[in-house]
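1. what follows is a predicted protein model with its sequence.
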Amino acid sequence: LERAIGFREAFTLLKNMDLYFDNCLLEEEWVEVEKLAKFLKPFYDITTLFSSSTYPAVNLYFYGVWSIQINIKEVACFFHDEFEKENQI
């Protein structure tokens, strides 16, 4: 996702130049992709760390799992707040 985000401008230029290129994301979709990439980054980092080390140290394990927990809590709070806003009468 990070690599695709890096080519965001190129995709937009291609869309403007080529009438048959209709697979370009809308601006709102790019924002969602950036949010998703930010959410998934700690999962990628901890997986890379653990797979590259034969015996990951406890402090590395703790920090990785803790950062994933923080991300999940942030996303859960965001969706809870959005749900509350949508269901208020």
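-> Right, received. Where do you want to start? Since this is a predicted model, take the numbers as computed values, not measurements.
2. just give me how far stretch 51-65 sits from the chain centre.
-> The chain centroid and the centroid of stretch 51-65 are separated by 22 Å, computed with Cα atoms, centre = their mean, to the nearest Å.
3. ends of it, what's the gap?
-> Length of stretch 51-65, first residue to last, Cα to Cα, to the nearest Å: 14 Å.
4. list the buried residues for that stretch?
-> Going by neighbour count (16 or more other Cβ atoms under 10 Å), the buried part of stretch 51-65 is residue 64. From N, CA and C alone the C-beta is placed, and that goes for glycine too.
5. ok, now stretch 82-89?
-> Buried residues in stretch 82-89 (16+ other Cβ under 10 Å): none.
6. all strands of the chain, in order?
-> Taking DSSP state E, the chain contains no strands at all.
7. which regions of it sit below the pLDDT cut-off?
-> Of all residues in the chain, those with pLDDT under 70 make up the ranges 53-56, 83, 89.
8. the same query, at a cut-off of 90, please.
-> Along the chain, segments meeting pLDDT under 90 span 12, 14-16, 18-27, 35-36, 38-89.
9. for it, longest helix please?
-> In the chain, with assignment by DSSP state H, the single longest helix is helix 58-86.
10. and that one, what other elements does it pack with?
-> Helix 58-86 sits against helix 27-52, with contacts defined as 3 or more Cβ pairs under 8 Å, 6 or more residues apart in numbering; DSSP states H and E.
11. can you state the direction angle for the helix it packs on and helix 58-86?
-> Orientation check (axes from the mean of the first three to the mean of the last three Cα atoms, to 10 degrees): helix 27-52 against helix 58-86 gives 160 degrees.
12. for helix 27-52, name the packing helices and strands.
-> If contacts are counted by 3+ Cβ pairs under 8 Å, 6+ apart, helix 27-52 sits against helix 2-6, helix 58-86.
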